[in-house]
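S.K.: sequence unknown, structure follows:
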């Protein structure tokens, strides 16, 4: 019988190795050269949204320290430090942290970058006003331990800002049947789907399909995940969609990224009027306050 703990470790290790191997890509994706790609567009959108959200929080509440859990190459952490916040960044992928430190060193920007897992944060309890987690929770098989740690390091009344992938996003429906494993992963077929995926991962060391079709971790249904956070004790839970795409009919790249970006921008503008659109965005950001 397979030890669930070992299976979980294997899956997490594969994810960590992926981000280690692709650390250069995940750093450069924020550059202007990648702004025309949908991935670059969506990540930059989330990056700037986080900066604006924290600035808005700082206008009404005291925000001194920010912890970036799953900081990757440190792009957002460094931008926050430039704005005067005390910032710590943690990631489980050592090469990501190496890149973050290498980027920070010549600038003189002080950010504490550390290699650590999200469920074992190396920080004191109640030590930060804000924790950000961009893409982290979608890459965890079980987000409970990480959310508990984030709760622990936040001060009472502190704020969590987290982006997650949407199980029922427009990108998933457009990509059917290629995206079927994403939908099956949330049904009774989760176990056989996982087993099939694990076989492919062990043989290739990679996901069964490209990352733009099959995600590494779990996806969520926006209103249900909001309920999940509330059940865990979080308060003032809200969410909104930041991007709608990529749009790859049948999993094929038939629509240019530039057009998809224009479509996404148009939907985002309409989402303020038609709130239901936030439930079908591909990239969703949650804001939640720690009780206390």
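M.R.: Arrived safely. What you see is a predicted model; the values in this text were computed from it and never measured.
S.K.: can you tell me the helix or strand for residue 240?
M.R.: strand 235-243 (DSSP states H and E).
S.K.: Helices of the stretch 151-292 of the chain, start to end?
M.R.: 170-175, 180-184, 190-204, 222-231, 257-271 (DSSP state H, counting those that start in this stretch).
S.K.: Which of those has the lowest mean pLDDT?
M.R.: Sorting the helices of the stretch 151-292 of the chain by mean pLDDT places helix 190-204 lowest, at a mean of 53.
S.K.: in this protein, what spans have low per-residue confidence?
M.R.: Residue ranges of the chain with pLDDT under 70: 1-15, 18, 21-23, 26-27, 29-30, 181-218.
S.K.: What ranges does it have for its strands?
M.R.: 65-69, 86-91, 111-115, 128-134, 154-165, 235-243, 283-289 (DSSP state E).
S.K.: Show me the one of those that comes nearest residue 277.
M.R.: Nearest to residue 277 among the strands of the chain is strand 235-243 (6.5 Å), distances taken as CB to CB. Yep, even glycine has a C-beta here, placed from its N, CA and C like the rest.
S.K.: Tell me what angle that closest one forms with helix 257-271.
M.R.: Orientation check (axes from the mean of the first three to the mean of the last three CA atoms, to 10 degrees): strand 235-243 against helix 257-271 gives 140 degrees.
S.K.: ok, and the closest non-adjacent residue to the residue nearest to the spatial centre of the chain?
M.R.: With distances taken as CA atoms, centre = their mean, the residue of the chain nearest its centroid is residue 135 (0.8 Å). Of all residues not flanking residue 135 in the chain, residue 163 sits nearest, at 5.7 Å (CB to CB, 6 or more residues apart in numbering).
S.K.: So what's the residue count around the one you found?
M.R.: 26 (other CB atoms under 10 Å).
S.K.: So what sits opposite it in the bridge?
M.R.: Beta-bridge pairing of residue 163, defined through DSSP bridges, involves residue 134, residue 285.
S.K.: circling back: got CSV for the strands of the chain, with distance to residue 255 too?
M.R.: Shown next, in CSV, are the strands of the chain (distance: least, CB to CB, whole Å):
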stretch, distance to residue 255
strand 65-69, 33
strand 86-91, 32
strand 111-115, 37
strand 128-134, 25
strand 154-165, 20
strand 235-243, 14
strand 283-289, 17
